[in-house]
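*Asks:* sequence unavailable; structure follows:
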């Protein structure tokens, strides 16, 4: 199983080719220098002089460091987070030392002091930028959410439309109902996936979905629902259940020639909500469909974006049955 | 012109019903009669041969057996039907059809398209075997022996070894033997992961290999024989194949 956090540390490394990052570094480092000048000078009138003298040393080192980091940005990105940080700090220290060697006479600042400032400054800047990046990740997360928006299989859409066409002449009422179900399903699919929805709505959605599958597959699909204990007011990310049920039908029922039993159980246990979706496994050979775990990874990632580490999704194969277990915090409130 | 005998294969009942409706609608353009229906691949194998069907409308995503494999087995029939593949959405299959000039329809099927496809298929007859082979995305799950009005399927997984003799290849399973008319080299290529060549004329299932025996030949040169699970017969391993064959069983030593 792919980890949902595999990219997080790399994401947090500042991008030195980003203009905003460069501007922030310049401002931040100069503010630090100013703060240092304030701290080191008891006499207010001399603070500015100290700062200006400091910048003589600071600016060349800073600009040279940024230039190098700008040039080396692609190489830097290939490193892991901590080694990359070490490189950045080392670059800052190196240029600070070089500037000190060249300009020490003018500034009267000791080498040790210069190095300490460079190392601390670089570390602070990295920490700040990483924090900044994380703080702004909701924007990133939102973009990711949009991209992760659950997608229905085209296979299902076209087969459903075909099934409705078959109904129109002989059972127009059922055709109407099926089109209404399809409309609801697509409305949910096209809604923005950013807010939590009530479990009751998710349940009615999967019931509509199941009704369409039932029409297509007839006796081959045998649904069992166990949702009497479902906390209908619980909040969860939209379209978590439907793709799982779609998977259950696509992998567990459609490839088989016999009857496929699919079970959906939703219940509350204390402060947690448990969802179980179970379907027969179609062992290798005839008709088994290769899964790419896209839907599962997608759902797992969305659960993480909404609940962080507080939600789990696990799958296992047990006695010819494939089961997906979801464990969520029980949250209520305005949807 | 007499009615075109159409066999409909789709696992979804509404889809079959829809095709029948459309066939009825286009009766004025293409007169058809339903020769039979099936809801999975194995049913097609069972029911189509005796049905007199000239055209098969074949959904490619059916349980039991994939559409292309099914088409390959049907091709061995004496009166093999022309096949029009039907798919709701399968990009890979559609690409393969396009590439190999095989006829296909997209669901939902339009009346005009269906009429055109039926006319074309009836005129062209069964698809060439090579086209279907090229369009297949994976190895078959069955070997088939086409008899006059019947297709006997032998699951590939049950085959212990294959031996080429003159024009035929003998398939040996736990149950018995079957003769098929396919070149051994093509089978070796299609099922490279399952079978290994032990001799110029013989492939054996890797999974069935239990060991090797030294054969101290009288007049023949000394050589190794392969011992297979559940088969008394010992198959000689040629000197040329020996290095590759012995590595199938890591513990086997000279």
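*Replies:* Great, that's in hand. Model, not experiment: these values are computed from the prediction. Numbering: from 1, shown residues only, chains lettered A, B, ... in the order given.
*Asks:* can you give me the distance of residue A:47 to residue B:124?
*Replies:* Distance of residue A:47 to residue B:124, given as CB to CB, to the nearest Å: 92 Å. C-beta coordinates here come from the backbone N, C-alpha and C atoms, glycine included.
*Asks:* one more: residue B:158?
*Replies:* 35 Å.
*Asks:* downstream of the longest helix along chain A, the next helix or strand is which one?
*Replies:* The longest helix of chain A (DSSP state H) is helix A:81-107. As assigned by DSSP states H and E, the chain's next helix or strand after helix A:81-107 is helix A:111-135.
*Asks:* one step back: so residue A:47 and residue B:124 - more neighbours on which side?
*Replies:* Ranked by neighbour count (other CB atoms under 10 Å in any protein chain shown), residue A:47 and residue B:124 place residue A:47 first, with 16 against 12.
*Asks:* might you report the residue contacts of the more buried one?
*Replies:* Neighbour list for residue A:47: A:37-38, A:41 [criterion: CB atoms under 8 Å, 6 or more residues apart in numbering or on different chains].
*Asks:* can I get those in a markdown table with neighbour count and pLDDT?
*Replies:* Supplementary listing: the contacts of residue A:47 in a markdown table, determined by neighbours: other CB atoms under 10 Å in any protein chain shown; pLDDT from 0 to 100:
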| residue | neighbour count | pLDDT |
| --- | --- | --- |
| A:37 | 19 | 85 |
| A:38 | 14 | 85 |
| A:41 | 15 | 79 |
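*Asks:* just those: which are in helices?
*Replies:* Those of those lying in helices (DSSP H): A:37-38.
*Asks:* with the contacts of residue A:47 in mind, which one is nearest to residue B:222?
*Replies:* Each of the contacts of residue A:47 was checked against residue B:222 using CB to CB; the closest is residue A:37, at 93.2 Å.
*Asks:* how much space separates that closest one from residue B:104?
*Replies:* Counting by CB to CB - residue A:37 and residue B:104 are separated by 77 Å.
*Asks:* one more: residue B:112?
*Replies:* 15 Å.
*Asks:* quick one: which of those two has more around it?
*Replies:* Neighbour count, other CB under 10 Å: between residue B:112 and residue B:104, residue B:104 has more, with 19 against 11.
*Asks:* got a list of what the more buried one touches?
*Replies:* B:60, B:84-87, B:93-94, B:97.
*Asks:* need the per-residue pLDDT for it.
*Replies:* Looking at residue B:104, its pLDDT reads 92.
*Asks:* then residue A:141?
*Replies:* In this model, residue A:141 carries a pLDDT of 67.
*Asks:* which residues of the stretch 101-250 of chain A lie near chain B?
*Replies:* Within the stretch 101-250 of chain A, the positions lying close to chain B (CB under 8 Å from any CB of the partner chain) are A:153-155, A:157-159, A:161-163, A:165-167, A:169-170, A:215-218, A:220.
*Asks:* change it to 7 Å
*Replies:* For the stretch 101-250 of chain A, the residues in contact with chain B (CB under 7 Å from any CB of the partner chain) are A:154-155, A:158-159, A:161-163, A:165-167, A:169, A:215-218.
*Asks:* ok, the contacts of residue A:47 vs residue A:204, which is closest?
*Replies:* Minimum distance to residue A:204 across the contacts of residue A:47 is 62.7 Å, recorded for residue A:38 (CB to CB).
*Asks:* find the nearest non-adjacent residue to the closest one, please.
*Replies:* residue A:47 (5.6 Å; CB to CB, 6 or more residues apart in numbering or on different chains).
*Asks:* and the pLDDT at that neighbour?
*Replies:* 84.
*Asks:* in which helix or strand does it reside?
*Replies:* helix A:47-71.
*Asks:* average pLDDT for the longest helix of chain A?
*Replies:* pLDDT averaged over helix A:81-107 gives 85.
*Asks:* residue B:242 contacts residue B:224, doesn't it?
*Replies:* Yes - Residue B:242 lies in contact with residue B:224 (CB atoms under 7 Å); the separation is 6.0 Å.
*Asks:* so for those two, which sits in the more crowded spot?
*Replies:* residue B:224 (23 against 17).
*Asks:* checking my notes, that one in a strand, right?
*Replies:* Yes - the assignment for residue B:224 by DSSP: H, G, I helix; E, B strand; the rest coil puts it in a strand.
*Asks:* that one touches residue B:209, doesn't it?
*Replies:* No - with contact defined as CB under 7 Å, residue B:224 does not reach residue B:209; the gap is 11.5 Å.
*Asks:* what's the offset of the helix holding residue A:47 from the middle of its chain?
*Replies:* Computed by CA atoms, centre = their mean, to the nearest Å, the chain-centroid distance of helix A:47-71 equals 37 Å.
*Asks:* in the stretch 1-150 of chain A, which ranges drop under the pLDDT threshold?
*Replies:* Across the stretch 1-150 of chain A, the ranges flagged by pLDDT under 70 are A:1-12, A:104, A:107, A:135-150.
*Asks:* most remote residue from the middle of chain A, which is it?
*Replies:* Largest separation from the mean C-alpha position in chain A: residue A:105, at 52.1 Å (CA atoms, centre = their mean).
*Asks:* please tell me how far that residue sits from residue B:124.
*Replies:* 93 Å.
*Asks:* list of residues touching stretch A:53-66?
*Replies:* With CB atoms under 7 Å, 6 or more residues apart in numbering or on different chains as the test, stretch A:53-66 has contacts from A:16, A:22, A:25, A:29, A:33, A:37, A:91-92, A:95-96, A:99-100, A:103, A:106-107, A:109, A:114, A:118.
*Asks:* please parse chain A into its domains.
*Replies:* Listed by automatic domain parsing, the domain ranges of chain A are A:8-135, A:148-329.
*Asks:* tell me which of these is the most buried.
*Replies:* domain A:148-329 (a mean of 18; mean count of other CB atoms under 10 Å in any protein chain shown).
*Asks:* quick one: the strands in the stretch 151-300 of chain A?
*Replies:* A:197-198, A:221-226, A:235-236, A:260-269, A:272-280 (DSSP state E, counting those that start in this stretch).
*Asks:* wait, which of these is closest to residue B:169?
*Replies:* Closest of the strands of the stretch 151-300 of chain A to residue B:169 is strand A:272-280, at 35.9 Å (criterion: CB to CB).
*Asks:* starting at the chain centroid, how far to the closest one?
*Replies:* Centre-to-centre, strand A:272-280 and its host chain are 23 Å apart (CA atoms, centre = their mean).
*Asks:* let me know the angle separating that strand from strand A:260-269.
*Replies:* If you take axes from the mean of the first three to the mean of the last three CA atoms, to 10 degrees, strand A:272-280 sits at 170 degrees to strand A:260-269.
*Asks:* and chain B, is strand A:272-280 touching that?
*Replies:* No - figure legend: strand A:272-280 not in contact with chain B (CB under 7 Å from any CB); closest approach 12.0 Å.
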